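Peer 1: Predicted model and sequence follow; I will ask about them next.
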Amino acid sequence: MDPRTKLIRIVTLLGGVYFLVYFLLPKSVLLQLGIQQNHESISNGFIVVGAMAIGLGLINLLVGHGAKIVFKRAGWSNSAALLIALAVMFFVTCAQWVGSLQSSYDIREVQLIGEFASRIVSDDQDASRRDTVPSVSQRIGALVGYGQSKAAFMRQMVESQDASLDSQESRRALLDELRIALNEFQVGLDGLESSRVASLGEGNRAVMEDLVARATRLGGAYSALRQSDQTLTLFSRLYGVLYDGLFVQLGAAMFSLLGVYIAAAAYRAFRVKTVESALMMSAAVIVMLGQISAVFLMLHLGSFGEEAYRFLPKVRQWLLEVPNSAAFRAIRLGAGVAGLMLAIRMWLSIESKSFSSDKRG
Amino acid sequence: MGGLEHATPGVLAVLAFAGWMLFRHLAHAANGHQQFIRRIPGVDAIESAVGRCAELGRPVVFTTALTDVGPVLFACLGVLHSIAKRTAQYKLKLIVPQYSPEAMAIVEDTVREAYRSVGRGAAFDPKSIVFLSSEQFAFASGYMGLVHREHAGAAFMFGVFAGEALVLAEAGQQVGARQVAASVSPEQVAFFICTCDYTLIGEELFGASAYMSREPVQVAALAAQDRVKLLVGAFVVLGVLCATAAQFNPVWNSLMPHQLVLADWSMWKTWFESLFSRVWR
Amino acid sequence: MERRLIYLIMIVAVAIPILFEFSWAPSRLVSAERMYQVIEDVRAGEGEIALVWLDFGPGTIAENQPQAEVILEHLFRRRIPVVVLSQYQLAEAVLNSIPADIASRLEHEMPGQSWRYGEAWINAGYQPGGAQMMQNLAAAENLSKYFGRDVNGMPFTHYPTFAALGGIEKVKLVAEVTGLVGVFDTIIQFFQKSDYRPTLVHGCTSITIPEAYIFLDSKQLHGLLEGIAGAAWYSELLKRNHPESQNDRLLVRNTALIISHLVLMMLIVAGNIVGFVRARRSSDG
């Protein structure tokens, strides 16, 4: 057995052992062993490894279709269309993502004001933390300085955007909300600066908490405006056209094929040739009629229509709850047991002997 | 009823039984014991479909649809291995469209090994394993185009399917391909029955894989899972009897299989004590 | 030729109600009534929420979107705080748009009342990891801490209603709306503790109705919306109790479903007649 295969088997075994142990042991024991606290990080690691596989498909697409284009094999124009579409979507999505990252970063910088102010208050109330952080006056000084710089930046942004006389009512509303929040925040900040808070007694704490509320409102208003602006950028619009306009509609169109295909399949295959097929068709018709039983009322069939309206849904319900559930449970139990066996074999790498190139004569 | 957060004695007992059965049958297989497997009619359908392609000179398409790396994929690979051996022997074109990038390497390995086992290793074309898309309906549209362009003579659909099942099957119908489907997704079985020439239901997929490959490991696992199914069947019968008896005496509710299996470690002690005292009374 | 004719008949049949915008009354579905009662009976106190999984994308949006809308409308009317999230990466657009549309519609119907983001609902976005993620979520002591931030990057603690969520015991209702294979199973299997299992309701596509019934029967599932028909009947129940509720578009879609069912049954009969006549001719000839 070559070292690579050995390594894969060992890693598979250890991974399975970890999750088996996690399932077997009760929570109290897991906490004592320190597993419970780290389980989320370990699980996330497995998720990340799985995500790496996305590159495999991409490489295969590029190699396979690229070769077709280069050597001008039959259907190379379709391959070219595929790779161009892949490149365009990839580029637009990346550009939109980078833009939204920048926007998120800017929003985060403003949200930090409120969080920092809130942290100053909570640290001051916590005796164990009070001695581990800089003094209140130092922190408030830093908060004021940072807040003033951010407020100046936002004021400049609001003024420059006001000048463009935005025609969209919703965006004007967001700008107005930001302007109001900014003014309120500035008042709060100026009040804090002028009061020269050195410690957080009852009165000063109220001032700080008021600033927290104002800063939170500012953060929310700025976030709403930046997110709205983000949707108006070129790449966001392109992304919207490609995704909502093209991809979503194509997916829905493909799914809609099912409707017509079901009709064709039903016409072709639902033939009463045997007792079993007659039973199957009867059940199908009853279930369909039970789902649209209101039609019987609309057709004004008198008491027959009323009885059908009442009776058919009950029969449909019975068919779904009793024979259908029994059959589905049987199928699921069987498939579940088979899956359990295969999972044990995969965990112990018993499976890999069967099909790998390692197997010799 | 509460949930299942970690193992209980009942769950452990079932797992231990399943493991014991598996190793017992593996040991029997290692000792040369031949386990009988009933021939599934679907196997005949698979072989006749490949034979028909050989007569008509049309390619064979095998898809695992939405199956990711897991137990179901390995079961599908057993059938793929057998089909690939036959297509190699008959010098047919085999196309394996793929949905999952992770599965591609494993599938390619399987097909290559199948070609090599019949001495036709040089004929294996890696480009026959085609990645279409990881998006369900993009995969379905790619598959439809592939089947139409290649004018497939046989289409095998094995694995996990969702809404695209009917789209895939109808594509094969439209080109007149002989179709055999096997789905562990029970809700798609109805669509396959309407559109395919043969449909394997539920664990018949695993049975077909074991039957066609005749791998001792697969056969042993099949025998083991049948034993575990007997245990499940016994639970069902026990549950029916207890539920019926509970109409007359509620103490029988304590013996319901789900109560037995889900009872927690600490509850087992008190459960035994209370059952004993009620029965003894 | 026959096949193309069938396709044409089906397309015309489904298109007629959508083009002419007429609707028929929906049929009564017991499972939708049960689900309505389940949500009516939900009581959410301080720090208690409903989790609504919108695990659908472009493929099944036609069936799942109306279901998501009626469920969210009912939860919003009952003032139960909602966290919307998804296990499916293509659901991003619906996570943003559906709750916002419902909130805006309710505010329009009931002036003076508001359903604001951060108070009525919060969007936790796409949660990757499948079964692993679900297990971690169920084991979390503090859901606000587990989620961390919403889809806009704001911390959960920023919103008073969602700042101090406890563990899974604080989730009074879980609604799973999906047409995907496997995602519903992860909730059934893993979103539970040994002493607590939240009330679970499900909006499924028509294809997965038979499979969902096994969970309804075993009481692992407490309510079920069966495709568009289930959503249509649910919206009727909402309308009976809240006459201002609008459901015209949903009823039009349901009418298309009704007509397609009738056409399908006629095609089955026609197919059998054609098959019978051909068999007779070949046996005579």
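Peer 2: Here it is on my side, so go on. All figures in this text were calculated on a predicted structure; none of them were measured in a lab. Numbers count the residues shown, from 1 in each chain, chains lettered A, B, ... in the order given.
Peer 1: and whatever helix or strand B:Ala210 lives in, does that touch chain A?
Peer 2: Assessed by DSSP states H and E, B:Ala210 sits inside helix B:204-213. Yes - counting by Cβ under 8 Å from any Cβ of the partner chain, chain A has neighbours in helix B:204-213: B:Leu205, B:Phe206, B:Ser213. C-beta coordinates here come from the backbone N, C-alpha and C atoms, glycine included.
Peer 1: Okay, the closest residue to chain A within chain C and C:Ala93: tell me how far apart.
Peer 2: Residue of chain C nearest chain A, by Cβ to the nearest Cβ: C:Pro58 (3.2 Å). Noted for C:Pro58: a distance of 9 Å to C:Ala93, by Cβ to Cβ, to the nearest Å.
Peer 1: what's the answer for C:Pro66, then?
Peer 2: 16 Å.
Peer 1: The two: which is more packed in?
Peer 2: C:Pro66 (26 against 16; other Cβ atoms under 10 Å in any protein chain shown).
Peer 1: and the helix holding B:Ala210, how far from the chain's centre?
Peer 2: Distance of helix B:204-213 from the chain centroid (Cα atoms, centre = their mean, to the nearest Å) equals 8 Å.
Peer 1: Can I get it in PDB, CA atoms only?
Peer 2: The C-alpha trace of helix B:204-213 is given here as PDB (Å, rounded to 0.1, in the frame of the first residue of the first chain):
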ATOM      1  CA  GLU B 204     -32.100  -2.700  -4.900                       C
ATOM      2  CA  LEU B 205     -29.400  -0.300  -6.000                       C
ATOM      3  CA  PHE B 206     -27.100  -1.700  -3.400                       C
ATOM      4  CA  GLY B 207     -28.200  -5.300  -4.300                       C
ATOM      5  CA  ALA B 208     -27.500  -4.700  -8.000                       C
ATOM      6  CA  SER B 209     -24.100  -3.300  -7.200                       C
ATOM      7  CA  ALA B 210     -23.200  -6.400  -5.100                       C
ATOM      8  CA  TYR B 211     -24.700  -8.800  -7.600                       C
ATOM      9  CA  MET B 212     -22.900  -7.400 -10.700                       C
ATOM     10  CA  SER B 213     -19.500  -6.800  -9.100                       C
END
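Peer 1: and that helix with chain C, contact?
Peer 2: No - figure legend: helix B:204-213 not in contact with chain C (Cβ under 8 Å from any Cβ); closest approach 15.2 Å.
Peer 1: try stretch A:183-191
Peer 2: No - using Cβ under 8 Å from any Cβ, stretch A:183-191 stays clear of chain C, with a minimum separation of 15.7 Å.
Peer 1: circling back to that earlier point, closest to chain C out of the residues of helix B:204-213 next to chain A?
Peer 2: Using Cβ to the nearest Cβ, B:Leu205 is the member of the residues of helix B:204-213 next to chain A that sits closest to chain C, with 15.2 Å.
Peer 1: hey, what's the residue nearest to that closest one when sequence neighbours are not counted bridged with?
Peer 2: Setting aside the residues directly before and after it, B:Leu205 is nearest to B:Ala182 in space (Cβ to Cβ, 6 or more residues apart in numbering or on different chains), at 4.0 Å. Beta bridges link B:Ala182 to B:Phe158, B:Leu200, judged by DSSP bridges.
Peer 1: Quick check: B:Ala182 touching B:Val160?
Peer 2: No - between B:Ala182 and B:Val160 there is no contact under Cβ atoms under 8 Å: 10.5 Å.
Peer 1: returning to what we had before: mind listing what the closest residue in space to the residue of chain C closest to chain A that isn't next to it in sequence touches?
Peer 2: Distances taken as Cβ to Cβ, 6+ apart place A:Gly251 nearest to C:Pro58, at 3.2 Å, with adjacent residues excluded. Applying Cβ atoms under 8 Å, 6 or more residues apart in numbering or on different chains to A:Gly251 gives the contacts B:Glu135, B:Gln136, B:Phe137, B:Ala138, C:Gly57, C:Pro58, C:Gly59.
Peer 1: For the host helix or strand of A:Gly251, buried residues please.
Peer 2: Element membership for A:Gly251, per DSSP H and E: helix A:248-269. Applying a neighbour-count criterion of 16 or more other Cβ atoms under 10 Å in any protein chain shown, the buried positions in helix A:248-269 are A:248, A:250-252, A:254-255, A:257-269.
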